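Sequence first, then the predicted structure, then my questions.
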Amino acid sequence: MTEPHQLPRAVLWDMDGTLVDTEPYWIAAEFDIVESHGGTWTHEHAKALVGADLLDAGEYIRRHGGVERSPHEIVEMLLDRVVEKIRVDVPWRPGARELLGGVREIGIATALVTMSWKRFSDEVLACLPTGSFHVSVTGDEVERGKPHPDPYLLAADRLGVSPSDCVAIEDSPTGTRSALAAGCRVLGVPHHVDIPASLADEPGAIGRLTLRDSLVGFGPHDLAGI
């Protein structure tokens, strides 16, 4: 297991809101889809979906937004809109690319663990240096997405490491719960929604959650303190 002041064997990265600030793209897409189908959407609804599995989000939009389409069809409509936007501009989160590059330079394994589907994550990965991630796990590859532990367990398995030897970087309570449930240490950098500090006190999570306001100035060797 990872001991205090020891670097992790792997860093597992969330994408939306952590590596890239794409949550506004998703939220705009939700409003557009719901309103074009005659429904009403709110920012509270949008916040409830931050970090969620896309099919769960599709079901939520169908139920609360009055969109009479299947969850899968709603997801495809969301993806059409956000892919179009990401091709115009990739809004990187401050400090994220610098930390990712530093982690790779010192030989720590990396995985992308996102609830976005592959056709969207591929657009982001294409804008990063080749080999930035050793493996990736996308929302269309797992039966149970975040907040279940499955995505992080699969990422650790693909890297051949124990989740307890990994640090996951997350921006949402949904993703943080997923990583903690998998047994990872978590660096939480909340952005659009808060990560309650009380998550660190839940059974099995004590001492495994560190919160920061930003990744700016946070280097790879700082991960030893997580």
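The structure has been received and is ready for your questions.

shaky segments in this protein?
Counting by pLDDT under 70, the ranges of the chain that qualify are 1-5.

gap between the residue lying farthest from the centre of it and H72?
Centroid-distance maximum for the chain: G38 at 30.2 Å, with CA atoms, centre = their mean. Counting by CB to CB, to the nearest Å, the separation of G38 from H72 is 21 Å. No exception for glycine: its C-beta is placed from N, CA and C like everyone else's.

Using the record's domain definitions, break this protein down for me.
10-21+91-225, 23-86 (automatic domain parsing).

Packed most tightly, which of those domains would that be?
For the domains of the chain, ranked by mean neighbour count under the definition mean count of other CB atoms under 10 Å, the leader is domain 10-21+91-225 at a mean of 20.

Report the separation between the two terminal residues of that one.
Domain 10-21+91-225 has an end-to-end distance of 14 Å (criterion: CA to CA, to the nearest Å).

same question, stretch 109-117
22 Å.

Excluding chain neighbours, what is closest to L78?
For L78, the nearest residue in space outside its immediate sequence neighbours is A29; the separation is 4.9 Å by CB to CB, 6 or more residues apart in numbering.

ok so that neighbour is a helix residue?
Yes - counting by DSSP: H, G, I helix; E, B strand; the rest coil, A29 is located in a helix.

Is it correct that it is in contact with E76?
No - counting by CB atoms under 8 Å, no contact exists between A29 and E76, whose distance comes to 11.2 Å.

all helices for the protein, in order.
For the chain, the helices identified by DSSP state H occupy 23-36, 43-48, 54-65, 71-86, 96-105, 118-125, 150-159, 173-182, in order along the chain.

And these: which comes nearest L7?
Nearest to L7, of all the helices of the chain, is helix 96-105, at 9.3 Å by CB to CB.

The closest one - contacts with which helices or strands?
Judged by 3 or more CB pairs under 8 Å, 6 or more residues apart in numbering; DSSP states H and E, the packing partners of helix 96-105 are strand 109-113.

what are the pairing partners of the strand it packs on, and which direction each?
Taking DSSP bridges as the criterion, strand 109-113 pairs within the sheet with strand 10-13 (parallel), strand 135-137 (parallel).

Rebuild the ones you listed as a markdown table, extending it with distance to G107.
Conversion of those to a markdown table gives the following (distance: least, CB to CB, whole Å):
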| stretch | distance to G107 |
| --- | --- |
| strand 10-13 | 11 |
| strand 135-137 | 15 |
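
and H191, which of those strands is closest to it?
Minimum separation from H191 across these (CB to CB) falls at strand 10-13, 13.9 Å.
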